[in-house]
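J.: below are the sequence and a predicted model; questions follow.
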Amino acid sequence: MTANPVDALPKGVFGFTRAFKAPRALVWKAWSEADRLKDWWGPKGCAVTVAGLEFRPGGFFHYSMVFPGSPPMWGRFFYREIAAPDRIVWLNSFSNDGCGITQAPFGIDFPLEVQNTVTFTERDGVTTVALRSLPHGATIEQCAVFEGMFESMQGGFGGTFDQLGAYLAKS
């Protein structure tokens, strides 16, 4: 895993980078097709169910994550920009089962929406995926909470990208 040093990014921007020994076309499909997303997206230990995927600007990826013994946690991507096969930009939020935005279920004042930009570059059969995240429409307090969660987010995205790596190795 290669995580970007905090000082290499503007204040308030979370970054995570990982290289995969897989062609960019395959990595892109893993991010853009429902049957593939369900196999790797989300924290380790949860099962993801795709409620819907409209992979286009203005479309949604609506999903639930279920951990053993817990009720479903819903999330959604609202796609803002798709530039195949280079970049995807989306607003990520927790949601209800109807795809409406909801507050984070972990009881802190986390931003309602986080803008994510993921880029894909390939060199010699290795695809580097770089994720950048920042609060969208958040209060100063919510931005501070977001920044305070960077260490936890490193672990969370580390687990998610571990799952992506395992998925790509099988594909």
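T.: Sure thing, it's come through. It should be emphasised that the depicted structure is a prediction, and the values quoted were computed from it without experimental measurement. Residues are numbered from 1 along each chain as shown.

J.: so which helix or strand takes in F157?
T.: Applying DSSP states H and E as the criterion places F157 in helix 150-170.

J.: which helices and strands does that helix pack with?
T.: Judged by 3 or more Cβ pairs under 8 Å, 6 or more residues apart in numbering; DSSP states H and E, helix 150-170 is in contact with strand 14-20, helix 24-32, strand 126-136. From N, CA and C alone the C-beta is placed, and that goes for glycine too.

J.: adding mean neighbour count, write those out as TSV.
T.: As requested, the helices and strands packed on helix 150-170 are exported to TSV (neighbours: other Cβ atoms under 10 Å):
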stretch	mean neighbour count
strand 14-20	20
helix 24-32	18
strand 126-136	19
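
J.: put together JSON lines for these, with mean pLDDT on each row.
T.: Converted to JSON lines, these look like this (pLDDT from 0 to 100):
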{"stretch": "strand 14-20", "mean pLDDT": "97"}
{"stretch": "helix 24-32", "mean pLDDT": "98"}
{"stretch": "strand 126-136", "mean pLDDT": "98"}
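
J.: nearest to D162, of these?
T.: strand 14-20 (8.8 Å; Cβ to Cβ).

J.: ok and the closest one relative to helix 24-32, angle-wise?
T.: 130 degrees (axes from the mean of the first three to the mean of the last three Cα atoms, to 10 degrees).

J.: need the residues that contact strand 14-20.
T.: For strand 14-20, contacts defined as Cβ atoms under 8 Å, 6 or more residues apart in numbering pick out 1-4, 8-9, 27, 126-134, 146, 150, 153-154, 157-158, 161, 164-165, 168.

J.: same question for stretch 155-162.
T.: 1, 3, 16, 18, 40-44, 129, 131.

J.: turn the helices and strands packed on helix 150-170 into CSV, including distance to W74.
T.: Formatted as CSV, these follow (distance: least, Cβ to Cβ, whole Å):
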stretch, distance to W74
strand 14-20, 22
helix 24-32, 20
strand 126-136, 18
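
J.: nothing else from me, thank you.
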